[in-house]
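> Sequence and predicted structure below; questions after.
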Amino acid sequence: MIYNKINVGVVGLGYLGKFHYQKYTANKYTKLAAVVDINDENIKELESDKVFKTNNYKDLIDIVDAVSIVTPTTTHYEIAKFFLENNINVLLEKPMTETIIQAKKLNAIAKKNKLVFQIGHLEQFNPAIMKLKLDSIQPQFIEVHRLCKYNPRANDVDVVLDLMIHDIDIVLSLVNQKIKRLSVSGKKILTKLTDIANVRIEFNNNIVANLTASRISTKNERKMRIFSKNSYYSIDFINNELKKLIKKKDNIFKTYSHRYKKSDSLNEEIKNFINTCRGKEISMTTGECGENALKVAKKITGALQKND
C-alpha cells in the first residue's frame, strides 16, 4: 500500500536525537527529509545522502511538515516557536521550556495555528502504565521511586526537570485535582544542581503522592505503587510489569501479575505523534500536559532553591 508520507526533520543529533532519527527512518508513514545539528561531526555520522543536512534549523522551512526538537532545554522555546509560527507540527523533548510563560506562549501559537504540539513524556507509552489506565483507578496514595546511574552527559537541568518530571506528568494524569501543599527536600551531590529530590504532594481531596528521584545511583530503577480503595497496583517501568491486588466480596483477595513484551516507548511516542499528525489518533502527551507538569516541577525547584 502506498501512503502519503509526512516529511519530518530532527533538530539535534546528540545521544537521544539519533534515536529519533532511527525511528522516523523506520516509520512507514514518514520520510526523514532533514536533520539539523550545530556539530558537523554529528551530521557526518549519518549514512544517508538523501537527507538534507544543515547547521541552521531555519533552513527546514518548505522541507518538513513536522519536527522533533532534541536540543538542550535552553534552546527549546526559540526553536519550537519558529516551527509553530511557520505551521510545522512539533514533538518537543521534555522539559518543554525553561519558564511557564514560554510554555504558555508555545501552546497558544499551536492552538491558534491548529497544530500538533506534543511533549516527550515517553513514560506514558510504557505498556504497564497504559494498561493501568484502562482500570479507571481512583488513587488515594501514590509512591514513586526513580533512580538512574550517574551520567555526566545530561546535567543542564536539575533532577526534578531531568527525571522526576516524568512521574509528575503521570501522577497528574491519574489525579485530576488541584494541589493543596508541597513539601520538598533535595541535595546537590556530584553536580551544581540538585541531584536527589523528594516531594510530598497533597491534593485537595487528600490524595497524597510521594516522589523520589535520584540521578546518583549504581543502578536504574523506575517503580510506582498506587494504593486505592480495595486495591493495590505496582508498576515496574523497566521490566514493563504490572501487579495488582484486588479485594473482592467476602474478603477474598485476587492477585494479578503480568509482564508485557519488551517495548520501545520512544517508538510508540513517535508513532502517536505521527498518527496524530495524520488525524488517526489523539496526542497522549499534549503541550498542555507538558505545561501542567512543568508548573509543578517549577514549584518544586523553586522550593528547593529556597531551602538551599
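Alright, I've got the coordinates.
> all helices for the chain, in order.
15-26, 40-44, 73-85, 100-112, 127-133, 159, 165-174, 265-277, 287-307 (DSSP state H).
> Out of the ones you listed, which is closest to Tyr256?
Closest to Tyr256 of these is helix 127-133 (Cβ to Cβ; 10.4 Å). All C-beta atoms are positioned from the backbone trio N, CA, C, and that covers glycine.
> Extract the C-alpha trace of that closest one and format it as PDB.
What follows is helix 127-133 as a C-alpha-only set of coordinates in PDB (Å, rounded to 0.1, in the frame of the first residue of the first chain):
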ATOM      1  CA  PRO A 127       2.600  -0.700  28.300                       C
ATOM      2  CA  ALA A 128       2.200  -1.200  32.000                       C
ATOM      3  CA  ILE A 129       1.000   2.400  32.600                       C
ATOM      4  CA  MET A 130      -1.200   2.200  29.500                       C
ATOM      5  CA  LYS A 131      -2.800  -1.000  30.800                       C
ATOM      6  CA  LEU A 132      -3.200   0.500  34.300                       C
ATOM      7  CA  LYS A 133      -5.200   3.500  33.000                       C
END
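> Name the residues that touch it?
Applying Cβ atoms under 8 Å, 6 or more residues apart in numbering, the external contacts of helix 127-133 come out as 123-124, 170, 173-174, 224, 226, 233, 235-237, 240-242, 258, 260-261, 263.
> switch to 10 Å and redo it
Residues outside helix 127-133 that contact it (Cβ atoms under 10 Å, 6 or more residues apart in numbering): 123-124, 126, 170, 173-174, 224, 226, 233-244, 258-263, 265, 268, 284.
> Take these and keep only those in strands.
Met224, Ile226, Tyr233, Ser234, Ile235, Asp236, Glu241, Leu242, Lys243, Lys244, His258, Arg259 (DSSP state E).
> Could you identify which of the helices of the chain is most buried?
helix 159 (a mean of 28; mean count of other Cβ atoms under 10 Å).
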